[in-house]
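Q: Sequence unavailable; structure follows:
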């Protein structure tokens, strides 16, 4: 089992998400729950396409962290 990091961005009218370790693997949705469902499907389809094209499936290597700071 592989665990891929996703990045969720808030737009004006919806959310979008992408997978840094799988360039071109993106999705959109209206809620975080919808994004999480959609990105699983997007990853599965992306990997399926890579396999069909004979491409190697990259191992996940992106870590996610947050930092806090005062901006003022």
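A: Happy to help now that I have it. What you see is a predicted model; the values in this text were computed from it and never measured.
Q: now what about stretch 61-68, what contacts it?
A: Contacts to stretch 61-68, defined as Cβ atoms under 8 Å, 6 or more residues apart in numbering, come from residues 4-5, 7, 20-21. In short, each C-beta sits where N, CA and C put it, glycine included.
Q: Now with 10 Å, please.
A: With Cβ atoms under 10 Å, 6 or more residues apart in numbering as the test, stretch 61-68 has contacts from 4-7, 19-22.
Q: now stretch 31-38
A: 6, 8-10, 14-17, 26-29, 42.
Q: what's the farthest-apart pair in these?
A: For the contacts of stretch 31-38, the farthest-apart pair by Cβ to Cβ is 10 and 42; their separation is 18.1 Å.
Q: the more surrounded of these two?
A: More crowded of residue 10 and residue 42, by other Cβ atoms under 10 Å: residue 42, with 21 against 9.
Q: how near is that one to residue 17?
A: As judged by Cβ to Cβ, to the nearest Å, residue 42 and residue 17 stand 8 Å apart.
Q: quick one: common contacting residues for those two?
A: Listed contacts common to residue 42 and residue 17 are 6, 25-28, 35; contacts here mean Cβ under 10 Å, 6+ apart.
Q: Tell me which stretches of this structure form helices.
A: For the chain, the helices defined by DSSP state H cover 32-52.
Q: backbone phi and psi for residue 58, please?
A: Dihedral pair for residue 58: phi -70, psi 140, per degrees, to the nearest 10.
Q: Can you tell me the closest non-neighbouring residue to it?
A: residue 21 (5.4 Å; Cβ to Cβ, 6 or more residues apart in numbering).
Q: So what's the residue count around the one you found?
A: Neighbours of residue 21 using other Cβ under 10 Å come to 17.
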